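*Asks:* Below: sequence and its predicted model.
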Amino acid sequence: MPFIRPEIIRPPSEHASYYLPLTSGCSNNSCTFCAFSLTNLGLRDLEDVKREIDAMSLYVNTGAWVPGQPEIVYAILQEWDGRKVFLQDGDALIYPYPKLREALWYLNQKFPRIQRISSYATPQDILRRSVEELKALKEQKMGILYVGVESGDDETLKIIRKNATHDQMVEAAKKVKESGILLSVTVILGLGGTRRSKEHVAETAKILTEMDPDYAGALTLTLIPGTELYNEWKKGEFELITPFESLQELKGIVENTTFTNCFFSSMHASNYYAIRGTMPKDKEKVLNQLNAILSRKDPRLLRPEFMRGL
C-alpha cells in the first residue's frame with residue numbers, strides 16, 4: 001500500500017519547522033476523542049524519506065526542484081529557516097528504531113546546522129525504548145518529545161482508551177528526562193465530562209507534578225464528528241462541562257501542581273481563555289488571572305465558539 005502523506009498537524013511551537021513525515025496516523029488509534037482514531041498507522045519507506053531529504057538539500061543549496069516531489073515540500077522549504085525539523089505524524093517515534101536513527105543521521109549529514117529535531121510520542125513508544133536508545137536519538141539532535149497525557153485519572157484514561165496508565169506515563173517521563181531530551185506534555189480540560197471532573201482535575205495535577213515536564217499545555221476538549229466520544233455526546237451518554245467550568249478545572253490543576261521549572265500555558269486555540277507562565281515563579285499571577293475571570297463570569301471575556309479550533 002503506498003504511503004499517503006499526512007496533513008500537517010503539529011504543536012504550536014513547531015510553526016517554523018520543516019515537517020518531515022516518517023509515519024501517518026497514530027499507532028494508538030483507539031482514543032475515543034481523537035481524529036487519529038479514524039485513521040490507520042502507515043510507515044514510510046526509509047529510502048523515500050531519504051529522497052525527500054535529498055530534494056530538500058538540493059533546493060536549499062541550488063533552488064532546484066526535483067520532479068515527483070510534492071509541491072508541499074517546496075511550500076514548506078520557502079518558509080523554512082533551516083533550524084528545526086518536526087517528524088510527522090501522530091507518533092513518529094513508533095518508526096522502527098534502526099531506521100529512525102538512520103533517518104536522523106542522514107538528515108544531519110545533509111543539514112549539519114539543524115539545531116533541533118522533534119516528534120510526537122505516545123507513552124508506549126517511549127516505554128519500548130531504553131534510556132540508552134533515547135540518548136542515542138538525543139545525540140542525533142532529537143531535542144524535544146511531545147506527549148499527550150490527556151488525564152492523570154486512570155478511570156478516565158480507561159474510558160477514553162488511552163492504553164496507558166497514570167504510572168506508565170510517569171515512568172515514560174522519567175525515561176525522557178534521564179535521556180536529556182526535553183519533555184512537553186498536554187492535558188485536556190473537560191475530558192472527564194461532568195461525571196469525572198473532580199477526579200480528572202485531582203489526578204491530572206498529581207501526574208503533572210510527578211512527571212515534572214519542561215513544558216505543559218492545557219487544551220479544552222473539542223468534540224470531533226465521527227469519533228466515539230462525539231457519538232456518545234450525541235446520544236446523551238457524555239455531558240460536556242461549561243466554558244467556565246473548564247476554567248475552574250484549569251485553576252484546580254494550576255493550584256495543585258508543583259513544578260521544578262515548567263512553562264505552563266493554555267494558549268491553544270481550543271481554549272476559552274489563555275494563560276501562560278513559568279512555574280512556580282508565575283503561579284500566583286496565573287491564579288490571580290483565573291480568579292478574576294471566574295469571579296466575573298462574563299462570557300464576553302471568553303474566546304467565542306466560532307474562534308475555537310483544533
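*Replies:* In hand now; what should we look at? Residues are numbered from 1 along each chain as shown.
*Asks:* For this protein, give me the ranges with low pLDDT.
*Replies:* 1, 37-38, 310 (pLDDT under 70).
*Asks:* so N271 touches A218, yeah?
*Replies:* Yes - using Cβ atoms under 8 Å, N271 is in contact with A218, at 6.9 Å. C-beta here means a position set from N, CA and C on the backbone, and glycine is covered the same way.
*Asks:* Now for the two: what residues contact both?
*Replies:* In terms of Cβ atoms under 8 Å, 6 or more residues apart in numbering, N271 and A218 are both contacted by the residues L189.
*Asks:* Which of the three states applies to the residue most central in space within the chain?
*Replies:* By Cα atoms, centre = their mean, the chain has its centre lying nearest to Y146, at 4.5 Å. Three-state call for Y146 (DSSP: H, G, I helix; E, B strand; the rest coil): strand.
*Asks:* my guess is it contacts P12, does it?
*Replies:* No - look at Y146 against P12 with Cβ under 8 Å: they stay out of range, at 10.4 Å.
*Asks:* Spatially nearest residue to K283, not counting backbone neighbours?
*Replies:* V254 (6.6 Å; Cβ to Cβ, 6 or more residues apart in numbering).
*Asks:* quick one: the helices in this structure?
*Replies:* Applying DSSP state H to the chain gives helices spanning 46-62, 71-77, 97-110, 123-127, 131-139, 154-159, 166-179, 197-211, 228-234, 243-255, 283-296.
*Asks:* what helices or strands is the first one leaning on?
*Replies:* Looking back up the chat, that one is helix 46-62. strand 18-21, helix 71-77, helix 97-110 (3 or more Cβ pairs under 8 Å, 6 or more residues apart in numbering; DSSP states H and E).
*Asks:* right, and T260 touches D212 too?
*Replies:* Yes - between T260 and D212 there is a contact under Cβ under 8 Å: 5.4 Å.
*Asks:* Between those two, tell me which one has more neighbours.
*Replies:* Neighbour tally, T260 and D212, criterion other Cβ atoms under 10 Å: the higher count belongs to D212, 19 against 10.
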